[in-house]
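> Next come a sequence and a model predicted from it.
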Amino acid sequence: MIRPAIVLAMVAATLGASAAEARRDRWDNDYWEERRENRRDARRAGIIAGAVAGSIASAAARDQAEQRYQECLYATGYDYDCERRLDYDRRDARRSARRSAAIVGSITREIVRD
């Protein structure tokens, strides 16, 4: 069993080593340029990951909406309520896709940055 004190000591050692390296790198001439490039690359990675996650979430939600629409048509025949429910489901699919894209993109950007 791993003891919490050991884990905390390992985390502190890791943070101390990274802080020392950051101080050492700060005085390099290329420090600010590298940092700007890292942030730009992180933004790009976040945008790409968000777009991929959003398109996957959107496709899954649209398929589910279509399936619910087909079940409604099968159960009731053509009905205005089925059309209205499909429109609501599609709207919810777009919202959830945008939400998941934003969340995944921001998390990816924070992970990749610096």
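Perfect, I can see it now.
> Just give me the neighbour total for Y80.
7 (other C-beta atoms under 10 Å). Every residue, glycine included, has its C-beta placed from N, CA and C.
> Tell me, what's the model's pLDDT at it?
Y80 is assigned 85 on the pLDDT scale.
> Enumerate every residue touching C72.
By C-beta atoms under 8 Å, 6 or more residues apart in numbering, C72 lies in contact with 79, 81-82, 85-86.
> Which of these ranks first by neighbour count?
With neighbours taken as other C-beta under 10 Å, the top of those is C82, carrying 19 neighbours.
> Checking that residue next. Helix, strand or coil?
Here C82 is recorded as helix under DSSP: H, G, I helix; E, B strand; the rest coil.
> got a list of what it touches?
69, 72-73, 76.
> Helix or strand: which one has the closest residue to it other than its chain neighbours?
Nearest residue to C82, sequence neighbours excluded (C-beta to C-beta, 6 or more residues apart in numbering): C72, at 4.0 Å. Using DSSP states H and E, C72 sits in helix 31-76.
> From A102, how far out is D41?
Remark: distance between D41 and A102 (C-beta to C-beta, to the nearest Å) = 19 Å.
> on that earlier part again, turn the contacts of C72 into TSV, including distance to S55.
As requested, those are exported to TSV (distance: C-beta to C-beta, whole Å):
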residue	distance to S55
D79	31
D81	29
C82	26
R85	23
L86	20
